[in-house]
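In: any chance you can model this:
(one chain, ligands or ions: 3)
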Amino acid sequence: MAGSGEEKNGGVAAVSGGVEDAYGEDRATEDQPSHAVGRLRRQVYMGCFIFSSTCPWCFNQAQAPFDYTVKIVMPCHFRAFSGHSLLRDPRHNKGLSFTEKERDAHYLRGLLPPIVLYQELQEKRLLQNVRQFEVPLQRYMALMDLQARTLISSDAYTFILLNDPSGLQERNERLFYKLLVDNVEELLPVVYTPTVGEACQKYGSIFRRPQGLYISLKEKGRILEVLRNWPEKSIQVIVVTDGERILGLGDLGCQGMGIPVGKLALYSALGGVRPSACLPITIDVGTNNEVLLKDEFYIGLRQKRATGQEYSELLDEFMSAVRQNYGQKVLVQFEDFANHNAFALLEKYRENHLVFNDDIQGTAAVVLAGLIAALKSVGGSLGDHTFLFFGAGEAGTGIAELVALAISRQSKFSIDEARNKIWLVDSKGLVVRSREGTLQPFKKRYAHEHEPIKDLLGAVKAIRPTALIGSAGVARSFTKEVVEAMSSINKRPIILALSNPTSQSECTAEQAYSWSQGHAIFGSGSPFDPVKYNNKVFVPAQANNAYIFPGFGLGVVIAGAIRVTDDMVLAAAEGLAEQVTLEHIDKGLIYPPFSIIRKISANIAARVAEKAYDLGSFAVSCSSLEFYQHEKQVHIVLLFYVQAWLVISLARKIW
Ligand SMILES: NC(=O)C1=CN([C@@H]2O[C@H](COP(=O)(O)OP(=O)(O)OC[C@H]3O[C@@H](n4cnc5c(N)ncnc54)[C@H](OP(=O)(O)O)[C@@H]3O)[C@@H](O)[C@H]2O)C=CC1
Ligand SMILES: CC(=O)C(=O)O
Ligand SMILES: [Mg+2]
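Out: Ligands and ions are numbered 1, 2, ... in the order given. Take a look at the predicted model:
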């Protein structure tokens, strides 16, 4: 039940699982006054522990939002967490919603205008203000300002706080998450794709303050030191990129930071992982983007990308520093690496670290779930159908592998036979046996016997797929002819245009519905508005890994997992697919709406945690297993669901 000693590092800041570390001694940050807070926190946790002893599943390390209660409700931080400092701390600042009592208790009198605005009203005011910006990038910047943790000087802050009529300059993290959670369908496209893509492209010009950790080649040999500079000590999820394949926009080098920041905002808003437990990291090994290298505002190293030994030594050092500093239960999510590194890194680290590649595994889970749901309209099981991928990289082959695994689990087919139902097209055309000698390893399993075909239309006509899945990052590659060909082969063609952002989408929703005369089951990576065609309204699905990774990460955390396996990814897909109801299917939807994403995430988390537990000591640390051992008789998935839902709902109440 207790976190194992081996996970601690010199007495500081190791993350371990189970109940004991929830007392929080090991995650005090340097600016927290220690003993009084420790005692108070212990009392709060003891109270929770009594509650949890009737339901031990309700209480473990993911419960850390309680930290917040201690800090903000108790007048225990004296001046260290009061007055200016409190207003300048986005994590604890409540802005105009500090009550009269809190203003007295925290030395805030006079620092705020006299009015007390309750959070709902603050939220309404902010939403109105965000909506006033017509340009999506301005909305993005306004929201990021609200979230930002690193602050401007106190004088400037007070000036802004007291003089900013829009209220948008307030740094108030809990308001940011409340706004996001309550308006997820409206704000997701702002903090995430497509707008985050533009933000990364312009990151150098719009950069105001650091939002994550930058680890560059200059820090080689000192990465542990760099990690220790981050103010939070108890980290549960890291999203890391090296910026080489940012969405479908290519190499954006150090400016890729917008992606880990955006993904982790969703981890908190949609998956209940406490913001302070999330760490965005960009590894800067240079960039091959000539435009950036010549841009005077570029924020990264001005050199070509390091490769080979230099690159892999830096990554090795990073992984071992992460483990040393945060223990073995920190989830490292690789994001938007180029495929020549992504597959190799996943293979290399998955045996000994808790790693997850969102582009390969998260995307696979979301698409498999969508296919399972779509087949409820189309008919037949996965093994009865043929799948054609346009794009044979991380997303394409990641999905292909999970679909093959699902087919082999559901039917009498072996995994190799299942792979025969899947075809890939890459930049050189259909992946066929005669190309085997020059193919990257991850494509070889799909090099089937067939004559070479160069173009997508030719491949569609020859392979006659049920589903066409685009992940090449090539805009408008699903032409009218391609969609018409799919429609002539299938009554209900499944067409997924996964490439992000919107500018790279293989086709628009309107094109898919009109060219298929309303028959397509369509999903896209970035959102499209509903389309009216022949007096009927079609609601496109958003086939994006954002459905998966927040719940997946939460599942890993509540299980105290130490490894990610394919079965856990499959469980996540099933956890999403089972939430698509007949009502959704009747409306042509292949995913439940994002408006209920927190419920979706709780279900996915429960499925993933259950699977990790089923897999036993390979996936879950021995200490967590011991904790679960005596519960073997009970319905474990239900307990995990309750736990996940509690974390997600408590997070919303407490932040
Ligand atoms: N919706 C979602 O949740 C997700 C969407 N994506 C999107 O998918 C896209 C691809 O990502 P990812 O798989 O990681 O990228 P990769 O670079 O790993 O793969 C891209 C693939 O597209 C192929 N390709 C490139 N140009 C062409 C072309 N003209 N014709 C045919 N094939 C081509 C490449 O061929 P070759 O191998 O020959 O170079 C490669 O196989 C991106 O836009 C990304 O945003 C990614 C992850 C999740
Ligand atoms: C969604 C995502 O992860 C991507 O486009 O890379
Ligand atoms: Mg990605």
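In: how close does residue 451 sit to ligand 1?
Out: In this structure, residue 451 and ligand 1 are 18 Å apart, going by C-beta to the nearest ligand atom, to the nearest Å. C-beta coordinates here come from the backbone N, C-alpha and C atoms, glycine included.
In: nearest spatial neighbour of the residue nearest the centre of the chain, skipping sequence neighbours?
Out: Of all residues in the chain, the one closest to the mean position by C-alpha atoms, centre = their mean is residue 263, 4.0 Å from it. The spatially closest residue to residue 263, leaving aside those adjacent along the chain, is residue 239, at 4.6 Å (C-beta to C-beta, 6 or more residues apart in numbering).
In: tell me which element the one you found is part of?
Out: Using DSSP states H and E, residue 239 sits in strand 237-241.
In: what angle do the helix or strand that comes right after that strand and strand 237-241 make?
Out: Next helix or strand after strand 237-241 toward the C-terminus (DSSP H and E): helix 258-271. Taking axes from the mean of the first three to the mean of the last three C-alpha atoms, to 10 degrees, one finds helix 258-271 and strand 237-241 inclined to each other by 150 degrees.
In: for the stretch 551-655 of the chain, what spans make up the strands?
Out: Ranges of strands in the stretch 551-655 of the chain, per DSSP state E, counting those that start in this stretch: none exist.
In: and the contacts of the strand holding residue 239?
Out: 256-257, 259-260, 263-264, 267, 273, 277-283, 318, 322, 326, 330-337, 358, 553, 557 (C-beta atoms under 8 Å, 6 or more residues apart in numbering).
In: of the residues you listed, which are in range of ligand 2?
Out: Restricting the contacts of strand 237-241 to those within reach of ligand 2 (C-beta under 6 Å from any ligand atom) leaves 336, 358.
In: among the contacts of strand 237-241, which are in helices?
Out: Counting by DSSP state H, the part of the contacts of strand 237-241 found in helices is 259, 260, 263, 264, 267, 318, 322, 326, 553, 557.
In: can you give me the strands in the stretch 151-300 of the chain?
Out: Secondary structure of the stretch 151-300 of the chain by DSSP E, counting those that start in this stretch: the strands cover 213-216, 237-241, 278-284.
In: out of those, which one sits most buried?
Out: Sort the strands of the stretch 151-300 of the chain by mean neighbour count, taking mean count of other C-beta atoms under 10 Å, and strand 237-241 sits at the top with a mean of 27.
In: now do it, average pLDDT.
Out: Per-residue pLDDT over strand 237-241 has a mean of 98.
In: do it and ligand 2 come into contact?
Out: No: figure legend: strand 237-241 not in contact with ligand 2 (C-beta under 6 Å from any ligand atom); closest approach 9.5 Å.
In: could you check the angle that strand makes with strand 278-284?
Out: Using the same axes, to 10 degrees: strand 237-241 against strand 278-284 is 20 degrees.
In: what ranges does the stretch 101-250 of the chain have for its helices?
Out: Using DSSP state H, counting those that start in this stretch, the helices of the stretch 101-250 of the chain run over residues 119-132, 136-147, 154-163, 173-182, 184-191, 195-201, 203-206, 223-229.
In: least reliable of these going by mean pLDDT?
Out: helix 154-163 (a mean of 40).
In: what residue in this protein comes nearest to ligand 1?
Out: The nearest approach of the chain to ligand 1 comes at residue 393, 1.9 Å away (C-beta to the nearest ligand atom).
In: ok and the residue in the chain nearest ligand 2?
Out: Nearest to ligand 2, among the residues of the chain, is residue 500, at 3.7 Å (C-beta to the nearest ligand atom).
In: next to ligand 2, which bits of this protein? Give me the list.
Out: Residues of the chain lying close to ligand 2 (C-beta under 6 Å from any ligand atom) are 193, 247, 336, 358, 359, 500, 525, 544, 545.
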